[in-house]
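1. Next input, structure requested:
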Amino acid sequence: MLNTINIPNTDDTLKEQLFTLCDHYSEFNECCAFFCAAASLVIHNDDVDVNKAVASGAARFAQALTEKSQHINDQLQRMLREARGE
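-> Residues are numbered from 1 along each chain as shown. Below you'll find the model as predicted:
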């Protein structure tokens, strides 16, 4: 799932390659969201000994990763709609 995605340069049209890329990125985006939510739960668990600065930094990083991933996904979806002629 997190392996390098190779889209072969075959007779596929650019639109088909974009569809494939969007599918792969959607899967990655969902994994990012899951990881960030899970990390947040662990960090904020009272049974886990994490200092406040580390917890705060990890939470900010998780939020930034989620936002960036969603931004890229939004842009890909926009391009996909344009490619479909919507």
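2. Assign Val48 to helix, strand or coil.
-> Under DSSP: H, G, I helix; E, B strand; the rest coil, Val48 falls in the coil class.
3. Mind pulling up the pLDDT for the spatially closest residue to it that is not a sequence neighbour?
-> Closest residue to Val48 apart from its sequence neighbours, by Cβ to Cβ, 6 or more residues apart in numbering: Val42 at 5.9 Å. In short, each C-beta sits where N, CA and C put it, glycine included. Val42 is assigned 76 on the pLDDT scale.
4. Only the buried residues of the helix or strand hosting Val42, if you could.
-> Using DSSP states H and E, Val42 falls within helix 14-43. Neighbour-count burial for helix 14-43 flags 18, 22, 25, 28-29, 32, 36, 40, 43 (criterion: 16 or more other Cβ atoms under 10 Å).
5. Name the nearest of these relative to His71.
-> Nearest to His71, judged by Cβ to Cβ, of these is Asn29 at 10.1 Å.
6. Tell me if I'm right that the closest one and Asp74 touch.
-> No: using Cβ atoms under 8 Å, Asn29 makes no contact with Asp74, being 9.8 Å away.
7. Measure how the longest helix belonging to the chain sits relative to helix 14-43, angle-wise.
-> For the chain, the longest helix by residue count, based on DSSP state H, is helix 52-84. Relative orientation of helix 52-84 versus helix 14-43 (axes from the mean of the first three to the mean of the last three Cα atoms, to 10 degrees): 160 degrees.
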